[in-house]
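A.B. asks: here you go, sequence then predicted model.
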Amino acid sequence: MSSGRAYQLLSEWALPLAAVAAAMGVLAFGAENARRVPPDVFPPVPVQTVPYPAVTQEETAQGPDVVAADHPDALRLDRAEAGVARYIEQSYRVSSERARLVTQWAVEIGKVKDLDPLLILAVVAVESSFNPHARSGAGAEGLMQVMTEVHLDKFRAFGGAGAALEAYPNMVVGSEILRGLIERTGSVSKALKWYSGAANHASDYGYGKKVLLERSRLVEAASGQPDKAVALLKSKRQGATYASSVKERKLSYEAWTNVREGRGLRVVTPSERRVEEPSV
């Protein structure tokens, strides 16, 4: 890898050294964990500690290649993770290095927050197509399109508002927001409705369906069939787990463990295929 390419990868996707030190501490995310919801809506959530994955301060001092393809820790993926990364790379024109890194981050963040990593990645896919520099006219930024001005306090541990356009901090904050919404609405579909900014609307305009469809394809990829998952996306079809996911009250880290261990795919019954979309 050339030094220029390595620097570009580091500057766009890795945390600055100062933010690494901050992220190793306790991140007191407030309860207003809704991206486009007034800050006083929810009561406080428990404090979480989220370490920066794989890269220590000593390793960071060695240079930008610590987050590149030749870094043994940052990109050590198991079979399920590798399938997910391959699907992301092929479907969203993301480099192999970035696809593998964002997959690992989703798994580690999901484990800390007890949230399904595939749900995190599905939100990233729908919100930004894995573009860490994505911005909306409403002020949403980064991979998970977090409203930076509303949640500025959550980015202080990472160095301030600029961290919203860095992949890892954005995923940490966005995942915490999503988890808080799932806990308080008692439904993945309802939480996605709130996350989309449609809490006060009659529907979410198809947002939740898009996310859960994408998650069903990510399940296929994690189950060893990334090429099939790509084909499903191109044909706008669902994976085998879509119908059941619509009714989930939560998608915890255990959902990922089940996929990893081969328990995440099952035959969907005809009645489930006809399941009505939730009116959330």
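C.D. replies: Sure, I can see it.
A.B. asks: next one: phi and psi at the closest residue to residue 140 other than its chain neighbours?
C.D. replies: Leaving aside its sequence neighbours, residue 140 sits nearest to residue 147 (C-beta to C-beta, 6 or more residues apart in numbering; 5.4 Å). Glycine gets a C-beta too; all of them are placed from N, C-alpha and C. The phi/psi pair for residue 147 (degrees, to the nearest 10) reads phi -80, psi 100.
A.B. asks: again with residue 158
C.D. replies: According to degrees, to the nearest 10, residue 158 has phi -100, psi 10.
A.B. asks: tell me, how many neighbours does it end up with?
C.D. replies: 25 (other C-beta atoms under 10 Å).
A.B. asks: from residue 185, how far out is it?
C.D. replies: Per C-beta to C-beta, to the nearest Å, residue 158 is found 27 Å from residue 185.
A.B. asks: now do residue 200
C.D. replies: 13 Å.
A.B. asks: I'd say the residue nearest to residue 140 and residue 139 touch.
C.D. replies: Yes - Residue 147 is in contact with residue 139 according to C-beta atoms under 8 Å; the separation is 5.6 Å.
A.B. asks: between these two, tell me which one has more neighbours.
C.D. replies: Neighbour totals were compared for residue 147 and residue 139, and residue 147 leads with 19 against 14 (other C-beta under 10 Å).
A.B. asks: nearest spatial neighbour of residue 262, chain-adjacent residues omitted?
C.D. replies: Using C-beta to C-beta, 6+ apart, the closest residue to residue 262 is residue 223 (7.1 Å).
A.B. asks: next, give phi and psi for the one you found.
C.D. replies: phi -90, psi 10.
A.B. asks: worst-scoring helix or strand of this structure, pLDDT-wise?
C.D. replies: Every helix and strand of the chain was ranked by mean pLDDT, DSSP states H and E. The lowest is strand 26-27, at a mean of 30.
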